[in-house]
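In: pasting the sequence and the predicted coordinates here, then a few questions.
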Amino acid sequence: MDISREALLDALRAVRDPEMRRDVVALGMIRALSAEGGRVALTLNLTTPKTPLKEALEREVRAALGALPGVTHVDLSFDAEVSASQQRELPGIKNIVAIGSGKGGVGKSTVAANLAASLALEGAAVGLLDADIYGPSQAKMFAVEGKRLMADDEKRIIPLRNYGVKLISIANLVEDGQALTWRGPILHGTLTQLLKQTVWGELDYLLVDLPPGTGDVQLSLSQLVPVTGALLVTTPQDVALMDVRRAYTMFRKTHVPVLGVIENMAYYALPDGTRDYIFGEGGARRFAEAEGLEVLGEIPINRAVREAGDGGAPLVVAAPESPDAQALRRAARILAGQVRLQNMMVLPVL
């Protein structure tokens, strides 16, 4: 007797991704599901190609299906195809993710650098556009400071590359230390060039590190390309949350879905194992709960994060086994899952 597809899906709904806290059916991870006699075959589409959760998910899937009456064998295979936004303006780029904060000084660029490097370490094709025109810092954190951007025969910009990430920063177009006093039209034109006249190639994710605030660059980005979603970075204190609320409102007004919140500098881990909540406790979580958003991670404050960035390497590259790096890697995997969920929610363009 063949087992119904619905019975198989019901069994698989008991298998949850521990980081996303949702079942594998709701996450769109089930592909090519079939049953013939007592033999069940399926493909599990992982959120990221190199996720450390693969073995645990395999055990749970086999156990859930094996518990069904009549199932004698489970053929389980894996893939990790990154879903693509239905509306794609830039050829070859599946998803554009804006990273904003509303307020400066919360570590947005550091988080953006580590998320980009993390996604690359997870096996994705990643680009990072440093759109923080007045305070570009990605070139420093990716050890390409002082290198000039080159153009191909068609006068398209060739990105720099390090740690598996393709990088474009205004810092590599102007003299070191030069102050930029550009206004709206120039900012719009510059962002257009960096987005549309760059040889990005095939990318799963293009992360855009936005400047603080809710100004011209943010508005231009939403006008120039369909943005898959935005990620908000904040610290726990009320002063930062006031501004992240403004950034959230701006994204809502420009019809950019907000994928979640990362709380940076969430606490300081003391030698005795306790935590000092220097900037307050749980501010991002309270904000997220009020707005119906996901908290992708709570990243501790740690000297190693600063030292890695100043040394020209994101922490996930410089000290990959550290607790802070693992928290950032986990946040990147959850971000990838949130992108997938967002793409599942968007209706196809006819």
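Out: Yep, that arrived.

In: could I have the CA atoms of stretch 159-166 written out in PDB?
Out: Extracted in PDB, the C-alpha atoms of stretch 159-166 (Å, rounded to 0.1, in the frame of the first residue of the first chain):
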ATOM      1  CA  PRO A 159      34.800  44.200  -7.700                       C
ATOM      2  CA  LEU A 160      37.600  43.500  -5.300                       C
ATOM      3  CA  ARG A 161      37.600  40.100  -3.600                       C
ATOM      4  CA  ASN A 162      38.700  38.700  -0.300                       C
ATOM      5  CA  TYR A 163      37.500  35.900   2.100                       C
ATOM      6  CA  GLY A 164      35.200  34.700  -0.700                       C
ATOM      7  CA  VAL A 165      33.200  38.000  -0.900                       C
ATOM      8  CA  LYS A 166      33.100  40.400  -3.800                       C
END
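
In: what mean pLDDT does that stretch have?
Out: The average pLDDT for stretch 159-166 rounds to 96.

In: quick check: domain ranges of the chain?
Out: Split into domains by automatic domain parsing, the chain comes to 5-79, 96-345.

In: for the protein, longest helix please?
Out: Looking across the chain with DSSP state H, the single longest helix is helix 323-345.

In: in that helix, what counts as buried?
Out: Within helix 323-345, the residues that count as buried by 16 or more other C-beta atoms under 10 Å are 324-343. From N, CA and C alone the C-beta is placed, and that goes for glycine too.

In: how about stretch 191-199?
Out: 191, 194-195, 198.

In: now those as JSON lines including secondary structure, distance to Asp17 and pLDDT?
Out: Listed next are the buried residues of stretch 191-199 as JSON lines, based on DSSP: H, G, I helix; E, B strand; the rest coil; distance: C-beta to C-beta, whole Å; pLDDT from 0 to 100:
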{"residue": "Leu191", "secondary structure": "helix", "distance to Asp17": "35", "pLDDT": "86"}
{"residue": "Leu194", "secondary structure": "helix", "distance to Asp17": "34", "pLDDT": "89"}
{"residue": "Leu195", "secondary structure": "helix", "distance to Asp17": "32", "pLDDT": "91"}
{"residue": "Thr198", "secondary structure": "strand", "distance to Asp17": "34", "pLDDT": "92"}
